[in-house]
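>>> Sequence unavailable; structure follows:
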């Protein structure tokens with residue numbers, strides 16, 4: 001099961017052991033140790049099943065149901081007041097859940113932003129040899145014909161056309 005963890009305006013995707021979260025509901029808190037975030041506390045905010053149907057808080061159970069929705073998770077009406085029957089997954093995490101959305105409630109010793117920093121590889125330098133910056137030589141190629149500007153070509157063509165008339 002995939003877990004999308006968000007906090008501080010950024011999100012992180014991790015693979016988790018799904019059996020540890022079966023039976024949990026939207027809004028419950030889980031330990032960050034399940035997703036390799038030590039001493040973190042995460043809250044379940046939603047998710048979706050294998051076919052892409054979203055989970056909705058307030059829908060009991062873990063089964064898929066067809067509900068008449070006016071707004072909210074699973075339906076965004078184009079006009080005000082329009083209602084539509086849509087399929088929604090219940091609020092309980094089950095084996096049908098493919099993605100779980102989590103948010104950081106309490107950070108651990110390592111800040112959440114530190115997971116996004118890319119480490120640059122450090123190049124080893126040999127002792128005693130100093131590296132000098134490499135300079136690239138630009139080779140100029142000379143042609144027999146002088147370069148013509150586009151404006152000159154246009155002027156010559158217009159003069160020859162006038163001479164013909």
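That came through fine. Only a predicted model underlies this, so the values are computations on that prediction, with no experimental measurement involved.
>>> For this protein, which segments count as strands?
2-7, 10-15, 29-31, 41-49, 64-69, 84-89, 97-106 (DSSP state E).
>>> does residue 37 really touch residue 7, like I thought?
No. Contact between residue 37 and residue 7 fails when scored by Cβ atoms under 8 Å: they sit 9.9 Å apart. In this view, the C-beta of every residue, glycine as well, is placed from N, C-alpha and C.
>>> Neighbour count: those two, which is higher?
residue 37 (23 against 19; other Cβ atoms under 10 Å).
>>> Give me the below-cutoff pLDDT ranges for this structure.
118-165 (pLDDT under 70).
>>> could you list every residue that touches the residue nearest to residue 46 when sequence neighbours are not counted?
Spatial nearest neighbour of residue 46, excluding adjacent residues (Cβ to Cβ, 6 or more residues apart in numbering): residue 101 at 4.5 Å. Counting by Cβ atoms under 8 Å, 6 or more residues apart in numbering, residue 101 touches 3-4, 6, 44-47.
>>> Dump the strands of the chain to TSV, plus distance to residue 112.
What follows is the strands of the chain, written out as TSV (distance: least, Cβ to Cβ, whole Å):
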stretch	distance to residue 112
strand 2-7	5
strand 10-15	8
strand 29-31	15
strand 41-49	11
strand 64-69	33
strand 84-89	28
strand 97-106	6
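>>> right, and residue 5 touches residue 30 too?
No. With contacts counted by Cβ under 8 Å, residue 5 stays clear of residue 30, the gap being 10.8 Å.
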